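A structural model of the following input is requested.
(one chain, ligands or ions: 1)
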Amino acid sequence: MFPISPLDVVGDDLKVTLPDGEVVRFAHLDYAASAPCVRAAAGAVQDLLPRYGSVHRGTGVRSQASTLAYELARDVVAEFTGAGPGDCVVFTRNTTDALNLLARALPPGTTTVVFDGEHHANLLPWPNPVRLPAPSSPDEAVEALDRALRQLTGPAVLTVTGASNVTGEVWPVRRLADVAHSYGVRVIVDAAQLAPHHPVSLHELGADYLAFSGHKLYAPFGAGVLAGRADWLDAAPPYLAGGGASASVGDRPGELTWATGPARHEGGTPNLLGAVALAAVCEALTGADRTALHDHEQALLTRLRDGLRDVPGATEVSLFGPEQPRVGIVSIAFDGSDPAEVARRLARDHGIGVRAGQFCAHPLVRRLTRSASAGECGTATGLLRASFGLGSTTDEVDRLLAALRS
Ligand code: PLP
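Predicted coordinates:
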């Protein structure tokens, strides 16, 4: 028996029945879409449920306990992201929500520089985007950014992913941030795919803002995070006007004072259980041996990538080349097979869950597949993606490879 760990996956013994009647353990290889729940998150929710009440709204013991739990969760996330004085941690619904919130808080007239390698959540919300082609190397990314910023006049921000949801490649965030900061440009990092695999410190990444989702961080209870500099957030109109976001409201329309700090953008009753679950995972990851977790994941990645060389017609896609560091995500192009059909057969005949399509990153997937078609997220065009993390095993990788070969 292995000791119980807060990072053990809940439900990793899910069974499925194959068409021939064989019952097998479901191999979940779609963590990049939504990771499974870990004990830390489930336990935090279980502990709080008997005391659950309104947040910031009551004097009773349930409300007091819930308010305390919510604000402690914020402190834990601040520590996880290295947010300090002058920063703000806002609980949101997910990464999409966090980036949309920030997009509406940019000072008027701000240009947003963004590469075409982004998930749509980090491509579409920005009011004045300057889109740079997806680069072929980290050096090319840095040079392209430098060129773009040299030509820009007026205020600008850079927004960039920490790790690609298509290729798993880690982007050169620190180098890009150094260039951006040399022009006085703030940096936003979409950490949806980085946070589950790497420590994400604002300071070490050189980021001014970080966004990520609980459901990709083993806490599937509907919370996300925007962490970063408070000044623009405090100056911006509230994301959701209503109770909680308002400090005082007079008798006439427009007679009101908005709250500052996270409350300004957390109008309405917050998602207490989501925030507490997310913080519980942050705490468990902070206390874990991240090097051991990283090594295990990299071993699985190597096994999968090596094995793919023996799968006829399958090619792993990459933007920056095979040597670029990656998180546990691999996307595969097929010569002559429809990835959606392959994914369906993996599920039906082998009990393996992966994702096929364009992963809400149409410009990048088009660039990687050199296909002219622009299907919807999850349609038959595009690639097949396998992704993993905590609790993933060599057996799952081997089953995927064997199934692909067959
Ligand atoms: N950014 C990246 C890199 C992602 O992979 C995703 C989701 O797949 C998102 C943003 C959006 O995350 P959510 O759907 O949780 O808002």
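
what helix or strand is residue 300 on?
Taking DSSP states H and E as the criterion, residue 300 maps to helix 290-308.

chain center to that helix, what's the gap?
In terms of CA atoms, centre = their mean, to the nearest Å, the centre of helix 290-308 is found 20 Å from the chain centre.

ok, now stretch 167-177?
Distance, stretch centre to chain centre, for stretch 167-177: 14 Å (CA atoms, centre = their mean).

mind checking how far residue 100 is from residue 93?
Counting by CB to CB, to the nearest Å, the gap from residue 100 to residue 93 is 10 Å. Yep, even glycine has a C-beta here, placed from its N, CA and C like the rest.

higher neighbour count, those two?
Using other CB atoms under 10 Å as the criterion, residue 100 and residue 93 rank with residue 100 on top: 20 against 17.

shouldn't the more buried one be in contact with residue 126?
No. Contact criterion CB atoms under 8 Å: residue 100 and residue 126 do not qualify, at 9.6 Å.

how many neighbouring residues does the closest residue to the ligand within the stretch 301-406 of the chain have?
Nearest residue of the stretch 301-406 of the chain to the ligand, counting by CB to the nearest ligand atom: residue 360, 6.2 Å away. The number of residues packed near residue 360 is 21, by other CB under 10 Å.

what residues are up against it?
Neighbouring residues of residue 360 by CB atoms under 8 Å, 6 or more residues apart in numbering: 119-121, 165, 377.

roughly how far does the nearest residue to residue 287 once chain neighbours are set aside sit from the ligand?
Nearest residue to residue 287, sequence neighbours excluded (CB to CB, 6 or more residues apart in numbering): residue 6, at 8.0 Å. As judged by CB to the nearest ligand atom, to the nearest Å, residue 6 and the ligand stand 22 Å apart.

where does residue 6 sit, in terms of helix or strand?
Assigned by DSSP H and E, residue 6 falls within no helix or strand.

which residues does it contact?
Listed by CB under 8 Å, 6+ apart, the contact set of residue 6 reads 38-40, 43, 280, 284, 287.

in strands, which of these appear?
Using DSSP state E to define strands, no part of these is located there.

which single one of those is nearest to the ligand?
Of these, the one sitting nearest to the ligand (CB to the nearest ligand atom) turns out to be residue 38, at 17.0 Å.

what's the pLDDT at that closest one?
pLDDT for residue 38: 97.

who is it paired with across the strands?
Taking DSSP bridges as the rule, residue 38 bridges to residue 9.

I'd say it and residue 217 touch.
No. Contact criterion CB under 8 Å: residue 38 and residue 217 do not qualify, at 9.1 Å.

overlap of the contact sets of these two?
Common neighbours of residue 38 and residue 217 (CB under 8 Å, 6+ apart) are residue 281.

okay, stretch 334-346 in PDB with CA atoms only?
Extracted in PDB, the C-alpha atoms of stretch 334-346 (Å, rounded to 0.1, in the frame of the first residue of the first chain):
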ATOM      1  CA  PHE A 334      -2.100  11.700 -38.600                       C
ATOM      2  CA  ASP A 335      -1.300  10.900 -42.200                       C
ATOM      3  CA  GLY A 336      -4.500   9.600 -43.700                       C
ATOM      4  CA  SER A 337      -6.500   9.100 -40.500                       C
ATOM      5  CA  ASP A 338      -9.100  11.400 -39.000                       C
ATOM      6  CA  PRO A 339      -8.100  12.400 -35.500                       C
ATOM      7  CA  ALA A 340     -11.700  12.500 -34.300                       C
ATOM      8  CA  GLU A 341     -12.300   9.000 -35.500                       C
ATOM      9  CA  VAL A 342      -9.100   7.800 -33.900                       C
ATOM     10  CA  ALA A 343     -10.100   9.500 -30.600                       C
ATOM     11  CA  ARG A 344     -13.600   7.800 -30.800                       C
ATOM     12  CA  ARG A 345     -12.100   4.400 -31.300                       C
ATOM     13  CA  LEU A 346      -9.600   4.900 -28.500                       C
END
